[in-house]
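Asks: make a model of this:
(2 chains)
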Amino acid sequence: MAGLELLSDQGYRVDGRRAGELRKIQARMGVFAQADGSAYIEQGNTKALAVVYGPHEIRGSRARALPDRALVNCQYSSATFSTGERKRRPHGDRKSCEMGLQLRQTFEAAILTQLHPRSQIDIYVQVLQADGGTYAACVNAATLAVLDAGIPMRDFVCACSAGFVDGTALADLSHVEEAAGGPQLALALLPASGQIALLEMDARLHEDHLEQVLEAAARAARDVHTLLDRVVRQHVKEASILLGD
Amino acid sequence: MASVALSEAEKVYIVHGVQEDLRVDGRGCEDYRCVEVETDVVSNTSGSARVKLGHTDILVGVKAEMGTPKLEKPNEGYLEFFVDCSANATPEFEGRGGDDLGTEIANTLYRIFNNKSSVDLKSLCISPREHCWILYVDVLLLECGGNLFDAISIAVKAALFNTRIPRVRVLEDEEGSKDIELSDDPYDCIRLSVENVPCIVTLCKIGYRHVVDATLQEEACSLASLLVAVTSKGVVTCMRKVGKGSLDPESIFEMMETGKRVGKVLHTSLQSLLHKEESLGPKRQKVGFLG
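Replies: Numbers count the residues shown, from 1 in each chain, chains lettered A, B, ... in the order given. A predicted model of the protein is given here:
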């Protein structure tokens, strides 16, 4: 096993958190005025920006328009200075394309696309600093941005990552914990109904432990939901004060 | 480039206003919009800066890496520029759509830094012909609200001011093989002098007059613009005409004089802001995108 101890005997992780504890989350909606919807989220040292354009007419070929629902188009891009080692291409590589498809799958499950047939909704996510849990931060930021754009959704989409070390499930992994090579689970949840929008796991995990890890991720996602709900209410309160209601 | 569609009546309104030295938002022809500059926004870079000029939002990150010097300049390090036009600014920049604009801006940045005095490249050399520091300056364009070049050059200057390059020592043992040792103290670093780093001033010709810091709407009314790269002493390092219209030679000289005048003022305010931010020290409240 590697020399770095991910979970100490007293139950503390590398950055001093407990096993089920999330990193500090700060978020803001309405960051950019020109986009239809935008949001920024900081989960510990991971910083992500999401911008939403739409619903608008399909760009490019009209043949892609779906007659009964809207097309959701996602792009995941991470800045070249976001990781420790400089990345050469911000987007277009395999990992970014895969993340874009996963985000698309997540949001097609949540957005009420039947209300906007023959149109397109663009969700662009930009990672400014990556310190683990980038997929979760992107989903959380994109949820806030879609809400800021006023696009109707079935429910919030809250995501969190989870891992498994020494018989304990860890929630919200940082880069050090991800790089250690243990199993990692990424979960996107619709909190009110408890429905899972996306579930992805890497590396080997015994099926007996799966329920424990899944439960840890779901609990963390519900905690994220509480925080995001507070951010949205604060934003609506500020907006209505500005409008003078 | 992200553009906005204007009707003929709106264009006439803007052009007539500019002739009277009165722009749509009440500024004069030589006034900048409110500029917000913040450094040290991204923590795992050697230096970073965020500039918000009206609706234009730019984030620059500088990463210092060790490499071999170029063959024709063995005693110097060098700068590499990369501009990413993010799809956040407009859906047209999705995929490869922003590559053209990105390459154009990166080439302009190479041109304005392509002289001996802008940045002291000899201080980036570790051992001649073998090791040097390469500064990768990455520009991320987040929102496009007109006057991109100015905002990007301000952000690059602020990020270079904020860059901290770790101090290294070259140890040579008996066989002649060299070993590079990084200093133990994380705060022991070299800083770059940005006294002579130029800033770009874009002057757009609208009707018979020219304006500084044009918004998207004003850029749609102008047929030709002049980019002037000016240092804090008023020295012009690069000049370029952009746009599909043509310019009179006299107006080029007038625009250049305005550019030098405006550029010197811009530099003094930027320097005072950067020094004030620096003097607040590590206890400074970092706002970033949350403010």
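Asks: the closest residue to chain A within the stretch 151-291 of chain B: what's it in contact with?
Replies: Closest approach between the stretch 151-291 of chain B and chain A, counting by C-beta to the nearest C-beta: residue B:289, at 4.2 Å. Where C-beta positions appear, they are placed from N, C-alpha and C, glycine not excepted. By C-beta atoms under 8 Å, 6 or more residues apart in numbering or on different chains, the contact set of residue B:289 is A:28, A:31, A:40, A:47, A:49, B:50.
Asks: of those residues, closest to residue B:147?
Replies: Nearest to residue B:147 among the contacts of residue B:289, counting by C-beta to C-beta, is residue B:50 at 16.0 Å.
Asks: so what secondary structure elements neighbour the helix or strand where the closest one lies?
Replies: Element membership for residue B:50, per DSSP states H and E: strand B:47-53. In terms of contacts (3 or more C-beta pairs under 8 Å, 6 or more residues apart in numbering or on different chains; DSSP states H and E), strand B:47-53 is packed against strand B:35-39, strand B:56-67, helix B:148-162.
Asks: ranking those by burial, who's on top?
Replies: Among the helices and strands packed on strand B:47-53, helix B:148-162 has the highest mean neighbour count (mean count of other C-beta atoms under 10 Å in any protein chain shown), at a mean of 26.
Asks: phi, psi of the closest residue to chain B within chain A?
Replies: Residue nearest to chain B within chain A: residue A:81 (3.1 Å; C-beta to the nearest C-beta). Dihedral pair for residue A:81: phi -100, psi 10, per degrees, to the nearest 10.
Asks: any idea how far residue A:42 lies from residue B:285?
Replies: Distance from residue A:42 to residue B:285, counting by C-beta to C-beta, to the nearest Å: 14 Å.
Asks: those two: which is more packed in?
Replies: Taking other C-beta atoms under 10 Å in any protein chain shown, residue A:42 and residue B:285 do not tie; residue A:42 has more neighbours (21 against 6).
Asks: tally up the residues packed near the nearest residue to residue B:214 once chain neighbours are set aside, please.
Replies: In this structure, residue B:214 finds its nearest non-sequential neighbour in residue B:204, 4.3 Å apart by C-beta to C-beta, 6 or more residues apart in numbering or on different chains. When neighbours are defined as other C-beta under 10 Å, residue B:204 has 26 of them.
Asks: which of the residues in stretch B:11-20 are classified as buried?
Replies: Within stretch B:11-20, the residues that count as buried by 16 or more other C-beta atoms under 10 Å in any protein chain shown are B:11, B:14, B:15, B:17, B:18.
Asks: regarding residue B:23, what is its secondary structure?
Replies: Under DSSP: H, G, I helix; E, B strand; the rest coil, residue B:23 falls in the coil class.
Asks: on that earlier part again, give me the distance from the strand holding residue B:50 to the chain's centre.
Replies: 9 Å (C-alpha atoms, centre = their mean, to the nearest Å).
Asks: ok, now stretch A:31-39?
Replies: Worked out by C-alpha atoms, centre = their mean, stretch A:31-39 lies 18 Å from the chain centre.
Asks: for the residue nearest to the spatial centre of chain A, which non-adjacent residue is closest in space?
Replies: Per C-alpha atoms, centre = their mean, the C-alpha nearest to the average position across chain A is that of residue A:139, at 2.2 Å. Of all residues not flanking residue A:139 in the chain, residue A:159 sits nearest, at 3.8 Å (C-beta to C-beta, 6+ apart).
Asks: residues in contact with that neighbour?
Replies: When contacts are counted by C-beta under 8 Å, 6+ apart, residue A:159 touches A:106, A:135, A:136, A:139, A:140, A:186, A:187, A:188, A:189, A:198, A:221, A:224.
Asks: then residue A:58?
Replies: With contact taken as C-beta under 8 Å, 6+ apart, residue A:58 is in contact with A:64, A:65, A:71, A:118, A:119, A:120.
Asks: what about the residues you listed, which are in strands?
Replies: Judged by DSSP state E, the subset of those located in strands is A:71, A:119, A:120.
Asks: re the thing from before, please, which helix or strand holds the residue nearest to residue B:214?
Replies: According to DSSP H and E, residue B:204 maps onto strand B:199-206.
Asks: contacting residues around the following helix or strand past that strand?
Replies: Downstream of strand B:199-206, the next assigned helix or strand under DSSP H and E is strand B:209-212. Strand B:209-212 is contacted by residues B:18-19, B:21, B:23, B:29-32, B:201-204, B:218, B:222, B:226, B:251, B:254-255, B:258-259, B:262 when judged by C-beta under 8 Å, 6+ apart.
Asks: if you set the cut-off to 7 Å instead, what comes out?
Replies: The contact list for strand B:209-212, computed with C-beta atoms under 7 Å, 6 or more residues apart in numbering or on different chains, reads B:18-19, B:23, B:29-30, B:32, B:201, B:203-204, B:218, B:255, B:258, B:262.
Asks: most neighbours among these, which one?
Replies: residue B:201 (30 neighbours).
Asks: any low-confidence regions in chain A?
Replies: Scanning chain A for pLDDT under 70 picks out A:1-4, A:245.
Asks: all helices for the stretch 51-200 of chain B, in order.
Replies: Shown for the stretch 51-200 of chain B, the helices assigned by DSSP state H, counting those that start in this stretch span residues B:99-112, B:148-162.
Asks: who touches the last one?
Replies: Applying C-beta under 7 Å, 6+ apart, the contact partners of helix B:148-162 are B:35, B:37, B:39-40, B:47-49, B:51, B:53, B:56, B:58, B:60-62, B:105, B:108-109, B:137, B:139, B:141, B:192, B:194, B:197, B:199-202, B:213, B:227, B:270, B:274.
Asks: chain center to that helix: distance?
Replies: Its chain's C-alpha centre and that of helix B:148-162 lie 3 Å apart, by C-alpha atoms, centre = their mean.
Asks: CA atoms of that helix as CSV?
Replies: Presented in CSV, the C-alpha positions along helix B:148-162 are these (Å, rounded to 0.1, in the frame of the first residue of the first chain):
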residue,chain,number,x,y,z
LEU,B,148,-11.0,42.1,-26.0
PHE,B,149,-7.4,43.0,-26.7
ASP,B,150,-7.2,45.7,-24.1
ALA,B,151,-8.6,43.6,-21.4
ILE,B,152,-6.4,40.7,-22.3
SER,B,153,-3.2,42.8,-22.2
ILE,B,154,-4.2,44.2,-18.8
ALA,B,155,-4.8,40.7,-17.5
VAL,B,156,-1.5,39.4,-18.9
LYS,B,157,0.4,42.3,-17.2
ALA,B,158,-1.3,41.7,-13.9
ALA,B,159,-0.7,38.0,-14.1
LEU,B,160,3.0,38.5,-14.9
PHE,B,161,3.3,40.9,-12.0
ASN,B,162,1.7,38.2,-9.7
